[in-house]
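# how would this look folded up:
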Amino acid sequence: MKDFRRLQVWHKAHALVLAVYRASAKFPSDERFGLTSQVRRASVSISANIAEGCGRRTDDDFARFLDYAMGSASEVEYHLLLARDLGFLGAETHERLHEQTTEVKRMLASLLGKLRADR
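Numbering: from 1, shown residues only. Predicted structure coming up:
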């Protein structure tokens, strides 16, 4: 069992969640149960899956949850693009969030590669 708080990727993913919550607070109120909820849920899922994977007994289980986190990160990436295209996010905000998401995905891919190489 690993402590997720010791993983840099978890800290980056958590920072992304906080940034997504701040940015999505400005979305139209009629999107509260739509895109606002979707992008928040997906961003939380990244950190939550990293944390849950750390609580598993084997590296294979951990890797499976990192795969789930990667899928959620891709979902966030799309939701942010949609929010930009709908005019809910400005170009600067979108770019910043996109860069954070890309960094998390790179870190997840690196950690997954390490886990799979250690088999």
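# Poorly predicted segments of the protein, please.
Filtered on pLDDT under 70, the chain yields the residue ranges 1, 119.
# just so I have it, where are all the helices in it?
Taking DSSP state H as the test, the helices found in the chain are 8-24, 35-54, 59-85, 91-117.
# winner for burial among these?
helix 35-54 (a mean of 21; mean count of other C-beta atoms under 10 Å). Where you see a C-beta, it was placed from the backbone N, CA and C, and this is true even at glycine.
# And Glu52, how far from Ala15?
According to C-beta to C-beta, to the nearest Å, Glu52 and Ala15 sit 19 Å apart.
# returning to that earlier point: columns distance to Lys2 on top of the helices of the chain, output as a markdown table?
Written out in a markdown table, the entries for those read as follows (distance: least, C-beta to C-beta, whole Å):
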| stretch | distance to Lys2 |
| --- | --- |
| helix 8-24 | 10 |
| helix 35-54 | 4 |
| helix 59-85 | 7 |
| helix 91-117 | 11 |
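# Val76: what's it in contact with?
With contact set as C-beta atoms under 8 Å, 6 or more residues apart in numbering, Val76 has these partners: Leu16, Val20, Val39, Ala42, Ser43, Ile46, Thr101.
# okay but Ala13 is in contact with Ala69, surely?
Yes - using C-beta atoms under 8 Å, Ala13 is in contact with Ala69, at 7.2 Å.
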